[in-house]
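# Whatever this is, show me its structure:
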Amino acid sequence: MRTRRRTGAENRKNFSGKHKAHGLLFLALTDEKGNLIWVSAARPGRSSEITAARHDKITGHLREAGLGALADLGFVGLDDDPDDPVIITGRKATRNHRLTGAEKEANRLLNRERAAVEHGFANLKTWRFLTKIRMDARHATTLLRALLVLANTEVHR
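This next block holds a predicted model:
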């Protein structure tokens, strides 16, 4: 999530070289309808998604709860149990491995199911004042979790 630039040496860690912008990284879980259920703690913008997911032990928590998740290609290799996967991702093509027709079809079906989830993330990004925050990640986490409670209260009315 893009944020306004903070001044000083504290600003360096919030710069994402991939997006070439300052920001904070949040991981979020939604239900099948796209309603936000859980938001992780904020991390500096330079953090990677898969590292944050490993740090939060998302696979272990999902396995304990008996739940599963659909994830994008940024999470390939996150689940350490290929016999009983909790996180399902698509297949990546490489220079030496082109995707077969069946793999492309599996990716298409997975992306169709993930479309509602992406709408939930898009809803999170429409909260415009989050782009204007210039605070510490710890305070941004508190603010975003409070917004999650308010959003869920509004949805369940």
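
# How about the backbone phi and psi for the residue positioned nearest the centre of the chain?
The chain has residue 27 as the residue nearest its centroid, 3.5 Å off, counting by CA atoms, centre = their mean. Torsion angles at residue 27 (phi, psi; degrees, to the nearest 10) stand at phi -100, psi 140.

# ok, and the closest non-adjacent residue to it?
Closest residue to residue 27 apart from its sequence neighbours, by CB to CB, 6 or more residues apart in numbering: residue 40 at 4.0 Å. The way it works is simple: take the backbone N, C-alpha and C, and place the C-beta from them, glycine included.

# From what I see, that neighbour and residue 51 are in contact.
No - taking contacts as CB atoms under 8 Å, residue 40 lies outside contact range of residue 51: 11.7 Å.

# ok, those two, which is more surrounded?
A direct count of neighbours by other CB atoms under 10 Å for residue 40 and residue 51 places residue 40 higher, at 19 against 12.

# pLDDT value on residue 109, please?
Model confidence at residue 109, given as pLDDT, is 92.

# helices or strands next to the helix or strand where it lies in the packing?
Element membership of residue 109, judged by DSSP states H and E, is helix 101-125. The contact analysis (3 or more CB pairs under 8 Å, 6 or more residues apart in numbering; DSSP states H and E) places helix 101-125 against strand 28-30, strand 36-39, strand 69-70.

# Same list, the ones you listed, but as a markdown table with mean pLDDT please.
A markdown table is the format used below for these (pLDDT from 0 to 100):
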| stretch | mean pLDDT |
| --- | --- |
| strand 28-30 | 84 |
| strand 36-39 | 83 |
| strand 69-70 | 88 |
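
# Quick one: closest of the ones you listed to residue 98.
strand 69-70 (23.5 Å; CB to CB).
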